[in-house]
Each structure stands twice: as C-alpha cells, then as structure tokens.
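Student: need a 3D model of the sequence below.
(2 chains)
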Protein chains: 2
Amino acid sequence: MARNTQVTADRNAPPVTQLLAEFVATQPGYLAGGWSAAVDHEAHRTFLNWFGCAIGAARHESVTCALAAIALLEPARQASVLGRDERVDMASAALLNGISSHTFDFDDTHLKTIIHPAGPVASALLALAEHRGFSGRALIDALVLGIDVSCRVGNAMYPDHYDRGWHITGSTGTLGAAAGCARLLGLNTQQTAMALGIAASQPIGMREQFGSMTKPFHPGAAARAGLMSALLASQGFSASEKALEAPRGMMQTVSTKNDWSEITHELGQRFEISFNTYKPFACGIVIHPAIDACAQLRSQGVTAEQIERIELKVHSLVLELTGKKEPTDGLQAKFSVYHGCAAGLTYGHAAEDEFSDEVVNRADMVALRRQVVATVDDTVDEASADVTAVLRDGRRVHVFVEHAIGSLQNPMTDAMLEAKFHGLSDPVLGASKTAAILQACWTVGNAADLRTLTALARP
Amino acid sequence: MARNTQVTADRNAPPVTQLLAEFVATQPGYLAGGWSAAVDHEAHRTFLNWFGCAIGAARHESVTCALAAIALLEPARQASVLGRDERVDMASAALLNGISSHTFDFDDTHLKTIIHPAGPVASALLALAEHRGFSGRALIDALVLGIDVSCRVGNAMYPDHYDRGWHITGSTGTLGAAAGCARLLGLNTQQTAMALGIAASQPIGMREQFGSMTKPFHPGAAARAGLMSALLASQGFSASEKALEAPRGMMQTVSTKNDWSEITHELGQRFEISFNTYKPFACGIVIHPAIDACAQLRSQGVTAEQIERIELKVHSLVLELTGKKEPTDGLQAKFSVYHGCAAGLTYGHAAEDEFSDEVVNRADMVALRRQVVATVDDTVDEASADVTAVLRDGRRVHVFVEHAIGSLQNPMTDAMLEAKFHGLSDPVLGASKTAAILQACWTVGNAADLRTLTALARP
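Tutor: Alright, predicted model coming up:
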C-alpha cells in the first residue's frame, strides 16, 4: 500500500543541480580565461600525481583481481590500463585506473573534506579522452570542473555525511566524474543536469571497507558510474532536474547537513582544486610531520649509527591513531609513527617500498624503532612534530616541523612530485620511460590527444 | 587531518553478512528439499511476470537510450536484451533487462517493503546463466535465495530507509543480485560474503527520480552491480566481512532503523518470495480496487452506454494520491482513479495500452470519467473500493471489493498472469511466440540452459 510519510526535509534548497550543470557546461576554459595559471598548474600537478599512483599499483592484486573479473565480459580494447599491457572498454578502464590510483593510499587529498578527488574524475576522463581522441587541453579543463563539483558537494555535506559512514571520495566522486565527462563530451546545460542526475542515484562507498580491496574500488566504481551517467545523458536518458537538492534527492538522503552556500558561493571564481594536496609519504597523514622531521635530521648529517634515542613529542591524536610500537608487517607499519621515524632517518623518505614487509622486519629498522621515545604533548598541534635526536656522543639535534611537507602551507614542490613519481613508476616502467611520461604529464594541456601518453604507460 | 568523531551506532549487531553468505552458499536447493513446491511455484510466477514486463517495454525509449549508451562500449555479444535483437555483454544485459522490466511500473511487489524484487535479481541471473550455460533449475534456486536476501535486508530497514529517500528496490537489489549470482557461480561462504560486501558499497537509487528514466535505471544498475560484485568475488577481490552490519557498514549508514531479527528469524525456513505479488493493472496500487470493481460491473453485463453515473466510495488516501479528474495524457491517467474506473468498465482490464495517450483522450473515455462521482469514506479501507453503477433505466448495481485482484489475499491466478503476459508480449513478439515463451517460463526449472528461452524472446 502506498505510504504518505513526511520526513523532515529542506524544501527551500537552491537549484544546485541546475546551477552546477550550467557552470560545467558554460564556464570558459583556461585558454578563454576561465581560471588562473596557478589553478591550471595545480590541475597538472593533480593529474601527474594521480597518473603516478595508478602506474605504481598496476601490478597489485587489487588491480589483477578486478581485471580478471572484467575480462569475463570480453571487453573491447578501447582504453589503457595504466602500467599494464591490457586494454579494455573505456568504462572498465575508468574502473581499473581508479582502483589502481587509490590502492597505495598515496593519492591526492582535498584536506577540507578528506576527499581524494583525482581518482574518480581523472580515471573517467582519461579513459573517455583516450578512446574518443579528445585533446589534453579539454581533459585538463574537465578535470578542474569535475573536481570542483565533487569537492563543493563534499564541502556542503562534510562532516555529517562522512561521520555517518560514507567514504566521501566515492559518494561525491560519481558526481565529479559525471560532470567532467559531460564537459568533455560537450553536453549542454540540460544534458549535463541529466548526467548529474543519473549520477546522483549512485553514491558509492562505506568506510567499513577500509582495509579491504573495496576501499580502492570506491573511486574506481565512482569513475565508471560517472562516465556512464554522462554517456547515458548524451543519448537522451533522463533524470530528475532536482536530483541533488530535492527532499528525496541524493544530498538530503545521504546527509543531514547540507550547506548549499558551499556549492553556490564564488562558483566559477574559486576553484577547489587549488586546495588539493599530495602525500609525500605512503601512510596516514598524521605521521607525516614526524617523518619529515626525521628526514631533516638525516639531511643535517645525523645517521642511525649515531643515535642513542629519538625523543618525539606529538599531539595525543597521533599516538591514538598511529601508536603501533612493534609493527610486524607493512600494513601495520602504516599505522606506526615509530616506523615513520625510522624510515625518515634511514631513507629520508617513506614511499611504498619503505612500508614493505621486508623493510619493516629488517633488524636495523626494528632496532631504530625501539630507540624512539614518544611522549604526548597537546601543546604541539596535530599537524606538527617536535623531534630531538640524542646522539651517542651526547649531542642533541632538534627539529620542529610546524607544517609537514605536503601540507597546504608547505606543499610538495614540482621536483618533489617528480621524485615521488619516479619512486612509483620506475619499478613498473623503468626510469627512462618514466622520465618521458613526466614530461608528457607536465605538458598534457598542449597534447593533441592522450594516446601518446597512454602508450608510454605500457610496460 | 584524520578525525575521530563518534556517531551513535549499534555495535552489537549479529554477523548478518556472514549469516546471509552461509545461507546463500549452503541452503539446499529445491530438488534437495530446500523449500516447498509452493515456494518454487511462486518463484516461477515471479520469473514469468518479470520476463513479460521486460519484453513489454523493450521498445520504450528508456531502453533504446540506455542501449545507445552501452553500444558506445562496443560490448561483446554474450547475452540477450529481451524483446530485441541486440546482444551485449552479460553485465550490460543485466542493466538493460532491469531497466526494461521496471519501465511500465508493472512488475512484482513485495508489499511489506514496496520492493520490486525480481528486477535486480532476475535480470542479473538470466544474463549470467545465459552466457555461462547454467541450468534453469540453478537459476530458479538462485532467484529464491537472492530475493530472500534483498527482501530480508529491506524488512530490517523499512520504513526508515525508504522514508529518508532511498528507492529501496535499487538499494537492496544490489545485495539480492550479488547473492543470487554468487549462488549461480557456486561460490563458497567466504566468497559469497565478499560478493555481498562489495555489493554493500553500491546501494542505488533515490525516490526523487520517480517520473524519470532513472527510476527504472535503479533495478537495472542494481542488477549490474550485483552481478559484477559476484564476478569480482569469484576472482579473489576482497571486502569487509561485516560490510552490512558494522557501525560504518551499509545498513547503519543508509538507515537508522535496523531490525536484525528480520534477517535472522526463520532464515532458510520462511521465504520472502512467498509474499510477492503481481500487478494486474499498470498503475499505482491504490487504484486497483476501483478498477477491479468496475471490471466486475462489466462482467455483470453493465455497459458504458447504460451508465447515468458511477458512485465511487474510497478512503481519503486514494483521492489524495490519484484524484486527477481530467488527465490529459497516459502518465497523468496513471494517477487518476476516474480513468481507472472508465478503463475497468470499458475494457475489463487496465494494462499499458489502456493508459496510452490515445485511449486517455478518446471522447467516450473522457465522458465516462466525468460520470464518476467519487466521495471520501474513511470507513472503506485503503485496499478496498465501494462502487455503485446508477443506470439510465434507474437500476443500481453495487460491487464491493475488499481485496483487489493482485493482492496477497486475492492473488492473480496463473491464467491471469498468462493473460497479462500476452498483453505485454504479443505486440512485441506476436501471440504464437509469446505462447511458446509462456510454456518455457512455466517449465524453466527443468531447462538444461536458458538459451532456448532467450532465443524465443527475439523479434
């Protein structure tokens, strides 16, 4: 029997589906003055960082298993799986590259919302652009706009939406991917609204999946769903014109907090991609200041052999989240600030290799971890670390990191992003191919199409 | 920065992901005594009704548009789109048949939850079974189990989950489709738990989409996602083992009401497919008693020419939801109890044809609708209708329908389902092919594979 239940709802939301659709369809691109050179450079950094992460995890079992399932569909060879020889249909390529790019938890972060924005959007765009022959310029423009859509919707719903259990990267990523693909396809405002509407019925991802392959599946599935939403809209498929904001639309269904002004304020003037950050270290972000500090000790000439002990002062949250003193494998080490310190001092960095089981269990690393004495000091900010190396000769070397490298205040330089990229890609494709890819990524906005770049990403 | 917010959550849920996985993987099938002949017959009725609905809408623009988008992926020709010549990969076939089967709002209804259970589950199963050559028996067994999973999860979350905005058919359908496909693939308990876990991250569908093509997209997308979840699990892809019940798992994320006993009580003994119903009329269910009553008047010899007026007494809800006195097209007519009465008296039934724009605007139908005098009487139940035909010769003919045909109390007979099927399928495939399909559907549990049946469903 039909019901007639009234649930509390905001019936006065602005028409954000329509406003976002108009923005995506009509905002001038970069060459027409749509945004600043700084925003456009950040888009290139975002693309490059995402590309490296996708290549880096290309041989991981999450990608291998997903590819085996996709192979059962006998897909057409339309688009590339980065870092691999296989080619699949463009929707499956969006899925697989999205999975790959998030597998190491090493991708970009929009810190205001903890969204990893590139995975869903860039994965969808590259697959579509490669197959259809769109230009690099069109791709970068669509990336700026797609990421703006997902992050603005995220800003509106955060933190309630995240706190109740949604993996916000996947739940907003479908919208960003749909928006970006709609732009790339040249859809008009009405068609773009339909693309957003179809995508709005497909929020993806629960936080309970963290620690399983389904976590990186979320940005992949969002990429796929967003791409398909745009393709459906391009063929006349319809959705509600108020799919985002209506009382029984997506946003009110998945979040009790919806600050619509986060979507409408300075739309087309402020671009959320400007606030994107990149991880220098392949682990949870609260460990980063301590790793940074120990890497600085190493730069100052301090070696492991000299160490009597390392005195670490951090906010209580750091030990609460990453206080694993004796990790026994790579995954546990990602939650060990002790291992982070040991890696920073030994290597000067902490990429995926420094979180391998082998490195984690090496005798010198075990010994160094045991020399770290961590104490809680809540006068130290969560984003900071205070480290003193006490040497066998009695000397004390002190480093205080207020904002770790990779933060908005202290962003990774382009050179650091290149070094990170090499660390991810060299083991898969070799250093010389990797150098060529880096060059192609920095200039992707000038590329006639994406096929040269994706061809380089084959082993 | 990592957050540490605590949201109210039920941390004592039973391990329903595991329990459902074990049930799906280990419940004996029908031939091994897993359920009664009555349950198995209901499964055949569910399959047959779904098959007819999918054929009936095969030429609708919702299917044509979606197929045009899928064609852009150049899919392999693995499985059939019912009622059409095209063949696509099995995941796309699941999507398209799911869309088709829900396009006329004429499919089955699990009245306790308003779930339309067959769309997601049967669409996934037929595509998988056709391509992989599974038997009809295996398909029907998987249908019983898959529908049990989606409806039990629906029972646990209903009504909160629906009231907050979810189209419960799509949000629970992904789980049902994953469960059914896991069974069909012969996955073990652990793999089935992974299939359910992957599916749990992909609830699909918002109620705001009602009235657009994205409404029937929901069961289609759920079918596709469920099938892919099972294929991923079969290749070793992992998910949380508590993806349904954990504090940040699917059910607590999308519903504040979760009555876990609805999942665990009499699991393997009571089968929710027993409570499935089938619509005799192609419109909202509150109009059905009035149509039924007017069709009974017609059976008693009353004709439109004799009518002075029709006195209709119904519950206030009926006029609130379907009080459109002067509908101007087919869609409006689906919300007009007046048109329902006119169709019932004129045709004795009200299938998709009787809701065509042409019939709705015919002079005799307009005149007959105007002769209906509806009054609210809340002593009449929402599921009933009290109708009196006042004839030109002064006679009064009275019919009271307590439970309309198609309700649980007054189910459609097998012969009625066949007549409905002919009404849907004859215009697409012709009467003789339709008769052959009906025969094949009634005996599908004995079929060596599904390919004979799907071949019959080509024009």
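
Student: contacting residues for A:Phe23?
Tutor: With contacts defined as C-beta atoms under 8 Å, 6 or more residues apart in numbering or on different chains, A:Phe23 is in contact with A:145, A:148-149, A:267-268. (C-beta placed from N, C-alpha, C; glycine too.)

Student: now A:Met213: how far from B:Leu232?
Tutor: To B:Leu232, A:Met213 is 8 Å away according to C-beta to C-beta, to the nearest Å.

Student: quick one: which of the two has more around it?
Tutor: B:Leu232 (28 against 23; other C-beta atoms under 10 Å in any protein chain shown).

Student: burial count for the nearest residue to A:Arg451 once chain neighbours are set aside?
Tutor: The shortest distance from A:Arg451 to any non-neighbouring residue, by C-beta to C-beta, 6 or more residues apart in numbering or on different chains, is to A:Glu130 (6.1 Å). Counted with other C-beta under 10 Å, the neighbours of A:Glu130 add up to 22.

Student: right, and A:Glu130 touches A:Met90 too?
Tutor: Yes. Between A:Glu130 and A:Met90 there is a contact under C-beta atoms under 8 Å: 7.4 Å.

Student: overlap in contacts, these two.
Tutor: Joint contacts of A:Glu130 and A:Met90 (C-beta under 8 Å, 6+ apart) are A:78-79.

Student: re the thing from before, what's the pLDDT at the residue nearest to A:Arg451?
Tutor: pLDDT for A:Glu130: 98.

Student: so it is in which element?
Tutor: Taking DSSP states H and E as the criterion, A:Glu130 maps to helix A:118-132.

Student: list the helices and strands that helix packs on?
Tutor: For helix A:118-132, the packing partners by 3 or more C-beta pairs under 8 Å, 6 or more residues apart in numbering or on different chains; DSSP states H and E come out as helix A:37-56, strand A:79-80, helix A:90-103, helix A:136-157, helix A:168-185, helix A:214-234, helix A:451-456.

Student: return a PyMOL selection command for the buried portion of the contacts of A:Phe23.
Tutor: To isolate the buried ones among those in PyMOL, judged by 16 or more other C-beta atoms under 10 Å in any protein chain shown, type:
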select buried, chain A and resi 145+148+149+267
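
Student: is it possible to get a markdown table of the helices and strands packed on helix A:118-132 that adds mean pLDDT?
Tutor: Below are these laid out as a markdown table (pLDDT from 0 to 100):
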| stretch | mean pLDDT |
| --- | --- |
| helix A:37-56 | 98 |
| strand A:79-80 | 98 |
| helix A:90-103 | 98 |
| helix A:136-157 | 98 |
| helix A:168-185 | 98 |
| helix A:214-234 | 98 |
| helix A:451-456 | 97 |
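
Student: next up, the contacts around A:Leu72.
Tutor: Applying C-beta under 8 Å, 6+ apart, the residues near A:Leu72 are B:90, B:231.

Student: go again using 10 Å as the cut-off
Tutor: Applying C-beta atoms under 10 Å, 6 or more residues apart in numbering or on different chains to A:Leu72 gives the contacts B:76, B:78, B:89-91, B:128, B:131-132, B:227-228, B:231-232, B:234-235.

Student: need the strands for the stretch 301-450 of chain A, in chain order.
Tutor: A:307-314, A:372-376, A:385-391, A:396-401 (DSSP state E, counting those that start in this stretch).

Student: CSV for those, including distance to chain B, mean pLDDT and mean neighbour count?
Tutor: Below are these laid out as CSV (distance: least, C-beta to the nearest C-beta, whole Å; pLDDT from 0 to 100; neighbours: other C-beta atoms under 10 Å in any protein chain shown):
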stretch, distance to chain B, mean pLDDT, mean neighbour count
strand A:307-314, 13, 97, 20
strand A:372-376, 15, 96, 16
strand A:385-391, 13, 97, 22
strand A:396-401, 15, 97, 16
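
Student: from the contacts of A:Phe23, pick the one nearest B:His102.
Tutor: Relative to B:His102, the closest of the contacts of A:Phe23 is A:Val149; by C-beta to C-beta it sits at 28.4 Å.

Student: the closest one touches A:Val121, doesn't it?
Tutor: Yes. Using C-beta atoms under 10 Å, A:Val149 is in contact with A:Val121, at 8.5 Å.

Student: anything in contact with each of these two?
Tutor: Joint contacts of A:Val149 and A:Val121 (C-beta under 10 Å, 6+ apart) are A:173, A:175-180, A:226.

Student: top of those by neighbour count?
Tutor: The residue in the shared contacts of A:Val149 and A:Val121 with the most neighbours, by other C-beta under 10 Å, is A:Gly173 (40 neighbours).

Student: what sits closest to that one if chain neighbours are left out?
Tutor: A:Gly173's closest residue in space is A:Pro120 (C-beta to C-beta, 6+ apart), at 2.8 Å.

Student: ok, that neighbour touching A:His102?
Tutor: Yes. Proximity of A:Pro120 to A:His102 meets the contact threshold set by C-beta under 10 Å, at 9.3 Å.

Student: joint contacts of these two?
Tutor: With C-beta under 10 Å, 6+ apart as the test, A:Pro120 and A:His102 both reach A:169-170, A:218-220.

Student: what does the stretch 251-400 of chain A put close to chain B?
Tutor: A:251-254, A:256, A:284-287, A:317-318, A:320-322, A:381-383 (C-beta under 10 Å from any C-beta of the partner chain).

Student: again, only this time at 7 Å
Tutor: For the stretch 251-400 of chain A, the residues in contact with chain B (C-beta under 7 Å from any C-beta of the partner chain) are A:252-253, A:284-286, A:317, A:321, A:382-383.

Student: between the residues you listed, which sits nearest B:Thr46?
Tutor: Taking C-beta to C-beta as the measure, B:Thr46 lies nearest A:Thr253 of those, at 28.2 Å.

Student: ok, now which ones touch the closest one?
Tutor: B:164-166, B:206 (C-beta atoms under 7 Å, 6 or more residues apart in numbering or on different chains).

Student: from these, which is closest to chain A?
Tutor: Nearest to chain A among the contacts of A:Thr253, counting by C-beta to the nearest C-beta, is B:Gly165 at 3.3 Å.

Student: SS state for the residue lying closest to that closest one once chain neighbours are set aside?
Tutor: Nearest non-adjacent residue to B:Gly165, counting by C-beta to C-beta, 6+ apart: A:Thr253, 3.3 Å away. Per DSSP: H, G, I helix; E, B strand; the rest coil, the secondary structure class of A:Thr253 is helix.

Student: state the pLDDT value of A:Thr253.
Tutor: At A:Thr253, pLDDT is 97.

Student: swap in A:Glu320?
Tutor: On pLDDT, A:Glu320 comes in at 86.

Student: distance of it relative to A:Val337?
Tutor: Counting by C-beta to C-beta, the gap from A:Glu320 to A:Val337 is 11 Å.

Student: who has more neighbours, these two?
Tutor: A:Val337 (28 against 12).

Student: the more buried one reaches A:Val373, doesn't it?
Tutor: No. Counting by C-beta atoms under 7 Å, A:Val337 stays clear of A:Val373, with 11.7 Å between them.

Student: how about the contacts made by the residue nearest to A:Gly173?
Tutor: A:Pro120 neighbours (C-beta under 7 Å, 6+ apart): A:98, A:150, A:169, A:173-174, A:176-177, A:219, A:222-223, A:226.
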